[in-house]
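S.K.: Please find the sequence and the predicted model below.
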Amino acid sequence: MDLGLFEKSNSMMDNSSMFEEILSLQNVSARSSRCVYCKGSKMLCGKERCSVIARFYSSSRLRNRFDTLELDGACPPSVFVGRIGYPSVSIGPMIPPIHGDTSLMDTPEKWVGLPIDDIIDFRSNLVRGMHRVDVGDVDSPDKLVTRTRELTLAKDPPDVVAEFQRKPAGRLTVDDDVQPFGPSAPLSRFDVSNYRFDDRLEKAFYDTDLKAREAVVSLYKSGTLISQIQRAFSVGAFGVGKRRRFVPTRWSITAVDSNLGLHMLETTKSLPFINEYRVYETQSLDNRWAILMLPTSWRYELIEAWYPNTAWNPYGDKIAIMSDWEFYDGRTNYASIGGCYYAARFAVNELLQKEGRQAGVSIMRESHPGYILPVGVWNVRENVRAALRTSPMKFATLKEALTHISTLMDIPMSRWIKNSAVLKDALYQRRVDDMWG
């Protein structure tokens, strides 16, 4: 059924009772949420569509598949390492009740341009199996541990049969750092068949003298997908001997982005400057991106503007803007924006390395109400990459570049400058009022 028709339909049940069922299914607290007053019809949150109903649309058609203690399907391959209880964490595969080529379900490099419904749909299919281990037990003979690691080294989706201690349950899990996934349950056992290792990942795994960062860089240079590297990193497949550890998935994603970015910066900072001001742009999932490159030494910032009723500003009545930055000497503390900062920094250095150039970079992101739920840090990395694959607009002056950006974004340029470190530095000894009237 079309989602729009589903939201408007009264033929199945009255809207009020339908929404009560949805709240119950997703463990949403009716007493503490304005959702109970809206019931998916008044859109009191201000979003263009109800994220609760969007999630239910997918899970309602799939939940009967998970009403079982045993599940078999082709793993994308996909694994998840949790962080709750660290250093004791839950690890395990994420398995869809589908056979064949399921690789798209965990290859975010291929998701740019997909509607959010598609992402919700195939991610809702992934059932997370859980097995608790200590982060240092990467060499454990436990079959659940070894098979979880083997999944991350697989070249193509292997067939998996899993037995759970209870029927998988839970709502679609969403986070700004990791990709969504569906219900979960503790594992009793699981078997893997019909697979072969990716030669590049296998070589790095068996090289116990190779440092983790060197493995990550080498794999990236060999053309291995970032998502593959991140998965293998999370299960302790890289590093020197006994120093290998399980790394929570959300940490492994940022670790790989950060280390690749830092590795590139070692040479980026010595390259000649670009010769002009450039503006790259793209739009996706109701997010607008403007990437400004300046002919200066390395400096970088990410500015995110969240409109009211978006994923991270659900109840605000004003646009919320946050930013993080670094200049030539880098930064010493973790960016408050989180993993998105490092994902975007990696992406811009990727282009600068390709061109053999150095630049200052200011990335501006507007997140509008159509962005109904967070889908993971890949959304930043891959959209910045997509923008940088386009031909930029080129300008002789900063004023011309900023004037062009002001036609792309709804927020006035003066407010972007107010929340920027890189632009303020570029405009030093100039009056903003003189430029913008």
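M.R.: Sure, I can see it. No experiment lies behind these values; they were computed from the predicted model shown.
S.K.: From here on, just use CA atoms for contacts and neighbour counts.
M.R.: Fine.
S.K.: what's the spacing between the closest residue to Pro108 other than its chain neighbours and Thr254?
M.R.: Nearest in space to Pro108, with sequence neighbours left out and distances taken as Cα to Cα, 6 or more residues apart in numbering, is Trp378 at 6.3 Å. Taking Cα to Cα, to the nearest Å as the measure, Trp378 falls 10 Å from Thr254.
S.K.: So which of those two has more stuff around it?
M.R.: Set Trp378 next to Thr254 and count neighbours by other Cα atoms under 10 Å: Trp378 wins out with 25 against 21.
S.K.: tell me what the helix or strand hosting Val279 is packed against?
M.R.: Here Val279 is covered by strand 277-284, with elements defined by DSSP states H and E. Secondary-structure packing of strand 277-284 (3 or more Cα pairs under 8 Å, 6 or more residues apart in numbering; DSSP states H and E): strand 287-294, helix 378-388, strand 393-395, helix 398-408.
S.K.: Now do it: distance to the chain's middle.
M.R.: 20 Å (Cα atoms, centre = their mean, to the nearest Å).
S.K.: and it, which residues are buried?
M.R.: 277-284 (16 or more other Cα atoms under 10 Å).
S.K.: Isn't Glu70 up against Val161?
M.R.: Yes. Here Glu70 reaches Val161: they are 7.3 Å apart, a contact under Cα atoms under 8 Å.
S.K.: Tabulate the helices and strands packed on strand 277-284 in TSV, adding columns for distance to Val133 and mean pLDDT.
M.R.: As requested, the helices and strands packed on strand 277-284 are exported to TSV (distance: least, Cα to Cα, whole Å; pLDDT from 0 to 100):
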stretch	distance to Val133	mean pLDDT
strand 287-294	38	98
helix 378-388	27	98
strand 393-395	51	98
helix 398-408	49	97
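S.K.: For these, could you give me JSON lines that also reports distance to Arg196?
M.R.: What follows is the helices and strands packed on strand 277-284, written out as JSON lines (distance: least, Cα to Cα, whole Å):
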{"stretch": "strand 287-294", "distance to Arg196": "38"}
{"stretch": "helix 378-388", "distance to Arg196": "26"}
{"stretch": "strand 393-395", "distance to Arg196": "45"}
{"stretch": "helix 398-408", "distance to Arg196": "47"}
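S.K.: Indicate which one of these is closest to Arg345.
M.R.: Between Arg345 and these, the tightest spacing by Cα to Cα is seen for helix 378-388, at 8.4 Å.
S.K.: Remind me what that closest one packs against, helices and strands.
M.R.: Right, helix 378-388 is packed against strand 277-284, strand 287-294, helix 339-355 by 3+ Cα pairs under 8 Å, 6+ apart.
S.K.: quick one, which of the ones you listed is packed in tightest?
M.R.: Among these, the stretch with the highest mean neighbour count (mean count of other Cα atoms under 10 Å) is strand 287-294, at a mean of 23.
S.K.: Direction included, what does that strand pair against?
M.R.: strand 277-284 (antiparallel), strand 360-367 (antiparallel) (DSSP bridges).
S.K.: now the first one against helix 398-408, angle please.
M.R.: With axes from the mean of the first three to the mean of the last three Cα atoms, to 10 degrees as the basis, strand 277-284 and helix 398-408 are set at 10 degrees to each other.
S.K.: do the last one as well
M.R.: Here strand 360-367 runs at an angle of 20 degrees relative to helix 398-408 (the same axes, to 10 degrees).
S.K.: For strand 360-367, give me every contacting residue.
M.R.: 286-307, 310, 348, 409, 416, 422-423 (Cα atoms under 8 Å, 6 or more residues apart in numbering).
S.K.: do the same with stretch 193-207
M.R.: 150, 153-160, 210, 215, 219, 222, 224, 229, 232, 237-238.
S.K.: quick one, strands of this structure?
M.R.: Ranges of strands within the chain are 70-74, 79-81, 88-95, 127-134, 159-164, 184-193, 277-284, 287-294, 299-306, 320-326, 360-367, 393-395, based on DSSP state E.
S.K.: Next, find the distance separating the closest residue to Lys110 other than its chain neighbours from Ala343.
M.R.: Excluding its sequence neighbours, the residue lying closest to Lys110 (Cα to Cα, 6+ apart) is Leu104, at 7.1 Å. Using Cα to Cα, we find Leu104 at a distance of 20 Å from Ala343.
S.K.: same thing with Ile337?
M.R.: 11 Å.
S.K.: now Pro87
M.R.: Pro87 is 25 Å from Ala343, by Cα to Cα.
S.K.: Likewise for Ala320?
M.R.: 21 Å.
S.K.: same question for stretch 96-109, mean pLDDT?
M.R.: Averaging pLDDT along stretch 96-109 gives 95.
S.K.: for that stretch, which positions count as buried?
M.R.: 96-98, 102-103, 105-109.
S.K.: For those residues, name the two members farthest from one another.
M.R.: Pro97 and Glu109, at 22.7 Å, using Cα to Cα across these.
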